[in-house]
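Enquirer: Model the following, please.
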Amino acid sequence: MKVSTSYIPVFLLVLLLFSGLTWSTIDSQAAADSGADFSVGLINAKAGLFVALPLVALYLLKLRSPLRALGAALVLFLCLATASVLWTIDTSTTLFTVLNLALLLLATMLAHRLLGFTTTLRLVWLFGTALILISVALAAIGDQHAMMGGIHAGRWRGLFAHKNSFGQFLAVNLLISVFGRSSLKLPTFLVYPMILVDGAALVMANSATADIGAAAGLVAGIAFLPIRNSGLRTLWRIGAVTVAGALAIVLLLQPEVVNNAVGRDENMSSRGDMWAQAMPLTFQRTLGAGYGTGGGTQTSIELQKRMHRTTNLSVQSGYINAAIELGWISVALYLLWAGGAFASALFSRSAAPVQTLLAALLALHAIESISEVNGCFLPSWLLLMVMLPMVEVRLAGPPRFRLTRRRYTSVAPANARPAAELLA
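Expert: Residues are numbered from 1 along each chain as shown. Modelled structure (predicted):
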């Protein structure tokens, strides 16, 4: 396909906007503990949105099959999120978050259309690799712009607000390096060393969520390996998914095994208590408090009362946060979207490597959404990364619900004689 090079700087701007880069000697955790204000993002989020969205809109006429690329569940969620402007507790926040999600989805679909999957994935990998190498270099020399302070002092956060954000960024780059190399079409000596760099940096960041998510992504990628033989592929995938599912059930029943493995307490740094206190809040409004609001100040105050804290609190879970913002129907739509993608790859007749990459990144996203508030369908770097192979898989597959009109034509045998000759 012909690559539209003029879209490359626009897409790079979008990547920069959603990467969450920071340049501060104080991390977000230390700022929260001290009660100070912390501006997350190297560039102002609203200013970036109002610059990037019009630039992306210039290419809208090039867009093809957006409904098919997104899928019914995501389209329904987008409609629900947009409609929540009517009942939200904070109109400006909801509008901003809806526009951010629209920017993310449009930019992804246009990148696929104008640049192609390979070029887009290569841009993402090169962008992420550059930021990781700079982050690692700064952290290695002890620069405070790349180090955590306070209770997490000494852990690497790179050019990000928190070690968990850096860990998520590393996990994405790791999975793309492992399962996306055939699509990247870059030399092995460039890609494989980054696996070691990502792994080492993950250890130094010491983010339990990122470690568990990366492990889940690796397991999912192995389960969905692109084996060419269809029978062996189906047997391998079903067997691997069954074993992984059984293991997940065991670990859910015995979470202390996971917590001990990643060096965390059984309450996951008080998240368990917070989730228990937040669950009743999800049923207060059937359709939630509005997309992007996190339940607003009242939710934070209620959590502070229940948790006996004095600092601002979020629910620390993408699923619970989604239920607070748009009701449990929004969580159901996310699970339908993610589960449908897994099922489609599981029973696919093709052995496309992009399916393997999608399964790996989607597993990482689903796990991260458990213990990070910026999960499910909230605009984020990880959601953007999941959408890249998602659009490729959906548009490369057979068209859904396409109605065609059959045309019947009579084909005469090769030795047939004309009717006039038969009647003569």
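
Enquirer: What ranges in the stretch 1-150 of the chain fall below the confidence cut-off?
Expert: By pLDDT under 70, the low-scoring segments of the stretch 1-150 of the chain are 1-3, 33-41.

Enquirer: So which residues of it form helices?
Expert: Chain-ordered helices for the stretch 1-150 of the chain, with DSSP state H, counting those that start in this stretch as the definition, fall at 8-19, 28-34, 45-57, 66-70, 72-83, 91-114, 117-140.

Enquirer: If you count neighbours, what's buried in the fifth one?
Expert: Of the residues in helix 72-83, those with enough neighbours to count as buried (16 or more other Cβ atoms under 10 Å) are Ala73, Leu74, Val75, Leu76, Phe77, Leu78, Leu80, Ala81, Thr82. C-betas here are computed from N, CA, C, even on glycine.

Enquirer: closest one to Glu368 among the helices of the stretch 1-150 of the chain?
Expert: Distances from Glu368 to each of the helices of the stretch 1-150 of the chain were compared using Cβ to Cβ; the minimum, 14.7 Å, belongs to helix 8-19.

Enquirer: Quick check: which of the helices of the stretch 1-150 of the chain is buried the most?
Expert: Mean neighbour counts were taken over the helices of the stretch 1-150 of the chain using mean count of other Cβ atoms under 10 Å, and the top value, a mean of 21, falls to helix 91-114.

Enquirer: Can you add distance to Met390 and give the helices of the stretch 1-150 of the chain back as JSON lines?
Expert: Conversion of the helices of the stretch 1-150 of the chain to JSON lines gives the following (distance: least, Cβ to Cβ, whole Å):
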{"stretch": "helix 8-19", "distance to Met390": "16"}
{"stretch": "helix 28-34", "distance to Met390": "29"}
{"stretch": "helix 45-57", "distance to Met390": "18"}
{"stretch": "helix 66-70", "distance to Met390": "8"}
{"stretch": "helix 72-83", "distance to Met390": "9"}
{"stretch": "helix 91-114", "distance to Met390": "8"}
{"stretch": "helix 117-140", "distance to Met390": "11"}
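
Enquirer: closest one to Gly296 among the ones you listed?
Expert: Gly296 sits nearest to helix 91-114 of all the helices of the stretch 1-150 of the chain, at 8.6 Å, using Cβ to Cβ.

Enquirer: so what does that closest one touch, helix or strand wise?
Expert: Counting contacts by 3 or more Cβ pairs under 8 Å, 6 or more residues apart in numbering; DSSP states H and E, the secondary-structure elements packed against helix 91-114 are helix 8-19, helix 45-57, helix 66-70, helix 72-83, helix 381-396.

Enquirer: So which of these is nearest Val136?
Expert: Of the helices and strands packed on helix 91-114, the one closest to Val136 (Cβ to Cβ) turns out to be helix 8-19, at 15.6 Å.

Enquirer: neighbouring contacts of that closest one?
Expert: By Cβ atoms under 8 Å, 6 or more residues apart in numbering, the residues outside helix 8-19 that reach it are 42-43, 45, 48-49, 51-52, 55-56, 59, 103-104, 107, 110-111, 115, 120, 123-124, 127, 131, 169, 379-381, 384.

Enquirer: The nearest residue to Leu186 once chain neighbours are set aside and Ala139, how far apart?
Expert: Distances taken as Cβ to Cβ, 6 or more residues apart in numbering place Arg122 nearest to Leu186, at 6.6 Å, with adjacent residues excluded. Using Cβ to Cβ, to the nearest Å, Arg122 is found at 26 Å from Ala139.

Enquirer: before we move on, the earlier item: I'd like the buried residues of helix 72-83 as CSV, with distance to Tyr192 appended.
Expert: Formatted as CSV, the entries for these read as follows, by distance: Cβ to Cβ, whole Å:
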residue, distance to Tyr192
Ala73, 36
Leu74, 34
Val75, 38
Leu76, 41
Phe77, 37
Leu78, 38
Leu80, 43
Ala81, 40
Thr82, 43
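
Enquirer: which one of those residues is nearest Gln304?
Expert: Checking those one by one against Gln304 (Cβ to Cβ), the nearest turns out to be Ala81, at 26.9 Å.

Enquirer: Without its sequence neighbours, what residue ends up closest to the closest one?
Expert: Once its chain neighbours are removed from consideration, Ala81 has its nearest residue in Tyr291; the separation is 4.0 Å (Cβ to Cβ, 6+ apart).

Enquirer: what's the helix or strand for Asn321?
Expert: Assignment of secondary structure by DSSP states H and E places Asn321 within helix 318-326.

Enquirer: which residues touch that helix?
Expert: Contacts of helix 318-326 from elsewhere in the structure, counted by Cβ under 8 Å, 6+ apart, are 77, 80-81, 84, 275, 278-279, 281-282, 287-295, 299, 314-315, 330-331, 334, 368-370, 372-378.

Enquirer: how about 6 Å then?
Expert: Contact with helix 318-326 is made by 80, 278, 281-282, 288-289, 291, 293-295, 315, 330-331, 369, 373, 375-376, as judged by Cβ atoms under 6 Å, 6 or more residues apart in numbering.

Enquirer: Below-threshold pLDDT in the stretch 201-350 of the chain: ranges please.
Expert: Low-confidence segments of the stretch 201-350 of the chain, defined by pLDDT under 70: 251-270.

Enquirer: Swap in 80 and give it another go.
Expert: 245, 247-271, 308-313, 349 (pLDDT under 80).

Enquirer: With respect to His308, which of the buried residues of helix 72-83 is nearest?
Expert: Within these, distances to His308 taken as Cβ to Cβ reach their minimum at Ala81, with 33.1 Å.

Enquirer: And for Gly142, the neighbour number?
Expert: Neighbourhood size, Gly142 [other Cβ atoms under 10 Å]: 9.

Enquirer: For it, what are phi and psi?
Expert: Gly142 has phi and psi values of phi 80, psi 20 when expressed as degrees, to the nearest 10.

Enquirer: how far away is it from Gly375?
Expert: Counting by Cβ to Cβ, the separation of Gly142 from Gly375 is 32 Å.

Enquirer: How about Leu105?
Expert: When Cβ to Cβ is the yardstick, Leu105 and Gly375 sit 17 Å from each other.

Enquirer: And Ala248, by the same measure?
Expert: If you measure Ala248 against Gly375 using Cβ to Cβ, the figure is 17 Å.

Enquirer: okay, those two: which has more neighbours?
Expert: Neighbour totals were compared for Ala248 and Gly375, and Gly375 leads with 24 against 13 (other Cβ under 10 Å).

Enquirer: Pull out the buried positions in the helix or strand that the helix holding Asn321 is followed by.
Expert: Beyond helix 318-326 in the direction of the C-terminus, DSSP H and E gives the next helix or strand as helix 328-346. Of the residues in helix 328-346, those buried under the neighbour-count criterion (16+ other Cβ under 10 Å) are Trp328, Ser330, Val331, Leu333, Tyr334, Leu336, Trp337, Ala338, Ala341, Phe342, Ala345, Leu346.
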